[in-house]
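Visitor: Need a 3D model of the sequence below.
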Amino acid sequence: MERTKIKDILKMQTFGATLNIKGWVRTRRGSKQVSFIALNDGSTVHNLQIVVNIEQFGDDYLKPVTTGACISVDGILVQSQGAGQTVEIQAEKIRIYGSADPATYPLQKKGHSMEFLREIAHLRPRTNTFGAVFRLRHHMAMAIHTFFHERGFFYFHSPIITGSDCEGAGQVFQVTTMNLHDLKKDEKGAIIYSDDFFGKQTNLTVSGQLEGELAAMALGEVYTFGPTFRAENSNTPRHLAEFWMIEPEMAFYEIEDNMQLAEDFIKYCLRRALEHCADEIRFLSERFDKELVERLHFVLNREFVRLTYTEGIRILEEAVAKGRKFEFPVYWGADLSAEHERHLVEEHFKRPVILTDYPKEIKSFYMKQNDDGKTVRAMDVLFPKIGEIIGGSQREEDLDKITRRAEEMHVPEKDIWWYLDTRRFGTAPHSGFGLGFERLLLFVTGMTNIRDVIPFPRTPHNAEF
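Guide: Numbering: from 1, shown residues only. Next up, the predicted model:
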């Protein structure tokens with residue numbers, strides 16, 4: 001008999017039909033005469049109740065059917081007598097695929113802390129919480145592809161291994177096949193890379209942006225969506241060493257077009273989450289974040305404020321003058337922290353904010369310089385609870401300006417000659433932005449630690465599983 005998924009069974013009204021269900025036992029309770037098995041197959045946050053006549057199967061046969069066991073059930077669909085579900089299955093045949101010894105199976109009925117579940121990341125998808133989070137992760141990935149595809153963008157694959165450091169921060173993971181115990185060095189003590197696999201120093205990518213720009217200069221509008229890596233020794237709830245980035249790059253987009261695309265994109269993703277994952281969001285809201293649904297609608301139903309950095313600083317300085325305390329100082333030229341960003345969003349404007357025209361000193365070399373000589377056409381999208389969720393800019397298309405800026409910021413021309421060629425040959429105005437996928441998921445799920453929205457988090461001193 002063909003298996004039916006639990007998410008489909010819960011919508012059925014064909015009472016009396018015989019169905020096959022396969023899944024993992026969440027709980028088993030009952031009396032000497034009857035057992036109630038809560039079964040979950042990963043298709044939904046909801047369990048399906050299986051009603052078992054113990055006499056029909058025998059106590060000994062049912063003994064291995066404990067929390068964590070995997071079973072197949074043939075049974076009849078009936079209306080449920082109990083509260084909480086409309087249908088249940090009267091078991092006629094049970095096959096036990098795999099047992100789970102209650103003495104050693106770590107996921108018992110009692111609640112587990114997030115910290116403990118990170119230690120058993122290979123099993124945590126079986127919990128209701130992480131089942132919900134990872135289904136949401138899937139739907140958000142699909143929403144991203146659908147949004148860009150429907151708007152005529154091309155999905156472009158940027159390399160994972162690269163010779164450039166897009167952000168120029170030096171926080172990269174090196175890639176090598178050399179024997180680390182016996183490195184060849186020149187007379188100055190510098191490592192000789194000529195014998196290495198690629199014949200030069202290479203690392204894992206920190207961003208697909210530079211390659212995305214190359215593609216936009218030929219295909220018009222592209223986006224990259226893939227893993228990126230930062231060797232940043234930050235043990236915080238907001239940092240990962242391996243995370244996923246969405247980075248659209250668009251030829252002929254000015255900063256205003258870029259801002260509008262970012263707003264449309266984020267709203268599209270949130271709408272899809274509410275439409276396709278209502279059960280998951282409701283579950284996570286009840287368990288972790290009572291304000292989750294309200295916050296999603298807060299962003300969806302409001303126009304984003306467009307605001308210059310200079311104006312933002314003025315508002316923050318006024319707040320300080322009126323007695324508002326911030327941990328970090330506010331002054332023109334400061335790189336705003338999450339507390340400053342959240343003040344603008346949550347307390348001052350009470351809606352999402354897109355901050356533009358940042359001081360050039362705190363932004364990357366590739367951002368378009370404004371005529372004032374002090375600021376660049378950068379943009380950050382600021383959200384409630386988390387602060388910056390998207391960072392982007394209009395890119396500098398003038399060869400002289402970008403070459404001079406790269407030099408000032410110590411980005412060697414030999415590493416980006418190919419990138420500068422797009423300014424030499426048929427340069428054009430263009431823009432783009434980056435969204436950390438896990439930051440989006442934090443917002444959509446209401447989880448508070450970024451390690452809980454990626455299946456196997458990579459953080460300092462942790463590369464388990």
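
Visitor: so who does S234 touch?
Guide: P460 (Cβ atoms under 8 Å, 6 or more residues apart in numbering). All C-beta atoms are positioned from the backbone trio N, CA, C, and that covers glycine.

Visitor: ok, now the one 5 residues further on?
Guide: Residues near H239 by Cβ under 8 Å, 6+ apart: 230, 232, 450, 459.

Visitor: Apply 10 Å and report the result again.
Guide: 230, 232-233, 436, 438, 450-451, 459-460 (Cβ atoms under 10 Å, 6 or more residues apart in numbering).

Visitor: Next: Q56.
Guide: Neighbour list for Q56: 34, 62, 91-94 [criterion: Cβ under 10 Å, 6+ apart].

Visitor: That one and A69, how far apart?
Guide: Q56 is 18 Å from A69, where distance means Cβ to Cβ, to the nearest Å.

Visitor: Highest neighbour count among the contacts of H239?
Guide: Most neighbours among the contacts of H239, by other Cβ atoms under 10 Å: E438, with 23 neighbours.

Visitor: so it makes contact with T459?
Guide: No - here E438 lies out of contact with T459, judged by Cβ atoms under 10 Å, at a distance of 11.9 Å.

Visitor: Can you check which residues contact both of the two?
Guide: Common neighbours of E438 and T459 (Cβ under 10 Å, 6+ apart) are 239-240, 242, 450-451.

Visitor: May I see the residues you listed organised as TSV, with pLDDT added?
Guide: Output for the shared contacts of E438 and T459, formatted as TSV (pLDDT from 0 to 100):
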residue	pLDDT
H239	90
L240	95
E242	97
I450	96
R451	97
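
Visitor: which stretches of the stretch 251-400 of the chain form strands?
Guide: Residue ranges of the strands in the stretch 251-400 of the chain, as given by DSSP state E, counting those that start in this stretch, are 305-308, 353-359, 375-383, 387-395.

Visitor: How about the backbone phi and psi for G212?
Guide: Main-chain dihedrals, G212, degrees, to the nearest 10: phi -60, psi -40.

Visitor: which non-adjacent residue is nearest it?
Guide: Counting by Cβ to Cβ, 6 or more residues apart in numbering, G212 lies nearest to E249, which is 3.9 Å off, once chain neighbours are set aside.

Visitor: now the helices for the stretch 351-465 of the chain?
Guide: Remark: helices assigned in the stretch 351-465 of the chain by DSSP state H, counting those that start in this stretch are 399-408, 413-424, 437-445.

Visitor: Just the mean pLDDT for the shortest one, thanks.
Guide: Averaging pLDDT along helix 437-445 yields 97.

Visitor: by contact count, what packs against it?
Guide: helix 128-150, strand 221-229, strand 242-251, helix 255-276, helix 278-287, helix 292-300, strand 375-383, strand 387-395 (3 or more Cβ pairs under 10 Å, 6 or more residues apart in numbering; DSSP states H and E).

Visitor: want to throw those into CSV with distance to L344 and mean neighbour count?
Guide: Below are the helices and strands packed on helix 437-445 laid out as CSV (distance: least, Cβ to Cβ, whole Å; neighbours: other Cβ atoms under 10 Å):
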stretch, distance to L344, mean neighbour count
helix 128-150, 26, 18
strand 221-229, 27, 21
strand 242-251, 24, 23
helix 255-276, 16, 18
helix 278-287, 25, 17
helix 292-300, 14, 17
strand 375-383, 6, 24
strand 387-395, 9, 23
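
Visitor: residue contacts, I120?
Guide: By Cβ under 10 Å, 6+ apart, the neighbours of I120 are 106-107, 112, 126-127, 464-465.

Visitor: Kindly report the same for K110.
Guide: Contacts of K110 (Cβ under 10 Å, 6+ apart): none.

Visitor: ok so, going back, cross the shared contacts of E438 and T459 against strands and list the overlap.
Guide: Here DSSP state E is the test, and the shared contacts of E438 and T459 give E242 as lying in strands.

Visitor: E397 against Y419, yeah?
Guide: No - contact criterion Cβ under 10 Å: E397 and Y419 do not qualify, at 12.0 Å.

Visitor: what do those two both touch?
Guide: Common neighbours of E397 and Y419 (Cβ under 10 Å, 6+ apart) are 213, 366.

Visitor: got any ranges where the stretch 251-400 of the chain has weak pLDDT?
Guide: Within the stretch 251-400 of the chain, no stretch has pLDDT under 70.

Visitor: Would you state the helices of the stretch 51-200 of the chain in chain order?
Guide: 54-57, 59-62, 114-119, 128-150.

Visitor: can you put these in JSON lines and add distance to L316 and mean pLDDT?
Guide: Shown next, in JSON lines, are the helices of the stretch 51-200 of the chain (distance: least, Cβ to Cβ, whole Å; pLDDT from 0 to 100):
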{"stretch": "helix 54-57", "distance to L316": "67", "mean pLDDT": "96"}
{"stretch": "helix 59-62", "distance to L316": "64", "mean pLDDT": "94"}
{"stretch": "helix 114-119", "distance to L316": "33", "mean pLDDT": "96"}
{"stretch": "helix 128-150", "distance to L316": "32", "mean pLDDT": "98"}
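
Visitor: would you list those helices in a markdown table and tack on distance to R377?
Guide: Output for the helices of the stretch 51-200 of the chain, formatted as a markdown table (distance: least, Cβ to Cβ, whole Å):
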| stretch | distance to R377 |
| --- | --- |
| helix 54-57 | 70 |
| helix 59-62 | 67 |
| helix 114-119 | 40 |
| helix 128-150 | 22 |
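
Visitor: For T44, find the nearest of those.
Guide: helix 128-150 (8.2 Å; Cβ to Cβ).
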